[in-house]
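Colleague: whatever this is, show me its structure:
(one chain, ligands or ions: 1)
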Amino acid sequence: MKLYVMRGACSLASHIALLWAKASFELQVLSHDAVGDDAFRRLNPKGAVPTLVLDDGTVITESLAILNYIADVFPDVQLGAATDDLVGRAQLNEALAELVSDVHKAWGPVFAPSRFVIQTADEANAKQAAFRQLDLQYARLDRLMEGKDWRVLDHRTVADAYLYVMCSWKDMTPTSLANFPALAAFSARMNADPAVNAAVEQENLDVAG
Ligand SMILES: N[C@@H](CCC(=O)N[C@@H](CS)C(=O)NCC(=O)O)C(=O)O
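Modeller: Predicted coordinates for the structure are as follows:
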């Protein structure tokens, strides 16, 4: 398998999940320019990471699909719910869908404000609106994580890898992660995880706290 990522991007979740699974894989860290170029778009026309290429050449895109795939291919590591636990599988997808759509997408105007406004002069406003929306999202996640070790089910899942990445971005906004105590505690616990550490090191990231 080959996983394409950008440093510290949402693809870090798939990277962590593959390390948790002790999967054998090749990691390709791309620059933002490389993700958008023609060569990479031939692999993933959306020009986005994560992109996972299986040994037979099959290309899987979308974090939700890749994370579920990893959980299913390595059932012994229990990164998802058991095949016959239909409610658990629905709950995991519920948590993942919320993270990849509501939470991740709320970052759009922060990372690429030009995509959300007609006039450059409006970019700062778009960012401010996104910060407000993000604070609502993170306050909700913080309440969900109160008194809990894991985002969903009663054990570590691929959703925790994704939640970790969302936590790792929050200090880029005026309201830092420290304002969300349950999320800050979750993130600190994850920072002590050897696989998380290895992924962060392989992507050459600085981790706060
Ligand atoms: N829906 C996709 C979104 C992937 C996505 O937006 N990835 C970002 C990094 S976090 C990316 O590749 N951005 C490249 C760009 O926007 O140019 C998923 O959940 O995997």
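Colleague: what's the burial count for Val158?
Modeller: Around Val158 there are 28 other residues, counting by other Cβ atoms under 10 Å. (Each C-beta comes from the backbone N, C-alpha and C, glycine too.)
Colleague: quick check: chain neighbours aside, which residue is closest to it?
Modeller: What sits nearest to Val158 in space, not counting adjacent residues and going by Cβ to Cβ, 6 or more residues apart in numbering, is Leu67, at 3.8 Å.
Colleague: sec struct for that neighbour, please.
Modeller: helix (DSSP: H, G, I helix; E, B strand; the rest coil).
Colleague: ok, it to the ligand distance?
Modeller: Separation of Leu67 from the ligand (Cβ to the nearest ligand atom, to the nearest Å): 9 Å.
Colleague: doesn't Ser14 make contact with that residue?
Modeller: Yes - in this structure, Leu67 is within contact of Ser14 by Cβ atoms under 8 Å, at 6.2 Å.
Colleague: intersection of neighbour lists for those two?
Modeller: Counting by Cβ atoms under 8 Å, 6 or more residues apart in numbering, the contacts common to Leu67 and Ser14 are Ala161.
Colleague: strands of the protein, start to end?
Modeller: Under the criterion DSSP state E, the chain contains strands at 2-6, 26-30, 51-53, 59-61.
Colleague: which parts of the protein sit against the ligand?
Modeller: 6, 9-10, 35-36, 47-50, 62-63, 100 (Cβ under 6 Å from any ligand atom).
Colleague: quick one: pLDDT of the residue nearest to Val158?
Modeller: Per-residue pLDDT puts Leu67 at 98.
Colleague: list the contacts of it.
Modeller: Applying Cβ under 8 Å, 6+ apart to Leu67 gives the contacts 13-14, 17, 79, 96, 158-159, 161-162.
Colleague: distance between stretch 20-37 and the chain's centre?
Modeller: From the chain centre to the centre of stretch 20-37 is a distance of 14 Å (Cα atoms, centre = their mean, to the nearest Å).
Colleague: next: stretch 22-42.
Modeller: With Cα atoms, centre = their mean, you get 16 Å for stretch 22-42.
Colleague: could you list the buried residues of it?
Modeller: For stretch 22-42, burial by neighbour count (16 or more other Cβ atoms under 10 Å) applies to 25, 27, 29-30, 35, 40.
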